[in-house]
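> quick one, fold the following:
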Amino acid sequence: MSTGLVANHCYSVLSVHEINVRGKKVKICKMKNPYGGGSVWNGAWGPRSQLWTDSLRREVGDTDSSGGVFCMPFDEYVNLVGFTNICKYEDDDCHSYAFKNSPVPEQSFFEFTLGNDF
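Now for the predicted structure:
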């Protein structure tokens, strides 16, 4: 079964949620394909997943796959996504973090800071 995701493609992480499903905590990533619908996750917690309830959709917020927004299990995200880049911008500073996804506890990352010349 194809995941629906495109290899070597950038997806935005909008948020991460810990939801309660039948007494069990489940972590999901809310993602967006910046090019809109089409190439979105089609597994558990994807747009057509039977796991969703109206209550859970309200809790997580908009998951309209026609706009490219979708959810996927956090553990699948870690297994399938090769790199995660996080950029944090502050008024007078800019930091960028790059993470190489791998099974915990072998996660690695590096950090760099851009000077005022940037």
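> C-alpha only now, for contacts and for neighbours.
OK.
> residue ranges with poor pLDDT in this protein?
1, 65, 86-118 (pLDDT under 70).
> helices of that one, residue ranges please.
Remark: helices assigned in the chain by DSSP state H are 54-60, 74-80.
> where do the strands of this structure begin and end?
12-21, 24-32, 69-73, 83-90, 93-100, 108-114 (DSSP state E).
> return the most buried member of the helices of the chain.
Counting by mean count of other CA atoms under 10 Å, helix 74-80 has the highest mean neighbour count of the helices of the chain, with a mean of 14.
> for that helix, packing partners?
Helices and strands touching helix 74-80, by 3 or more CA pairs under 8 Å, 6 or more residues apart in numbering; DSSP states H and E, are strand 24-32.
> count the residues that sit near the residue nearest to Val60 when sequence neighbours are not counted.
In space, and not counting its chain neighbours, Val60 is closest to His17: 7.0 Å by CA to CA, 6 or more residues apart in numbering. When neighbours are counted by other CA atoms under 10 Å, His17 registers 16.
> swap in the one 5 residues further on?
When neighbours are defined as other CA under 10 Å, Arg22 has 7 of them.
> list the contacts for it?
Going by CA atoms under 8 Å, 6 or more residues apart in numbering, Arg22 touches no other residue.
> so how far is Trp52 from it?
Arg22 sits at a distance of 12 Å from Trp52 (criterion: CA to CA, to the nearest Å).
> and Cys71, by the same measure?
Distance of Cys71 to Trp52, computed by CA to CA: 10 Å.
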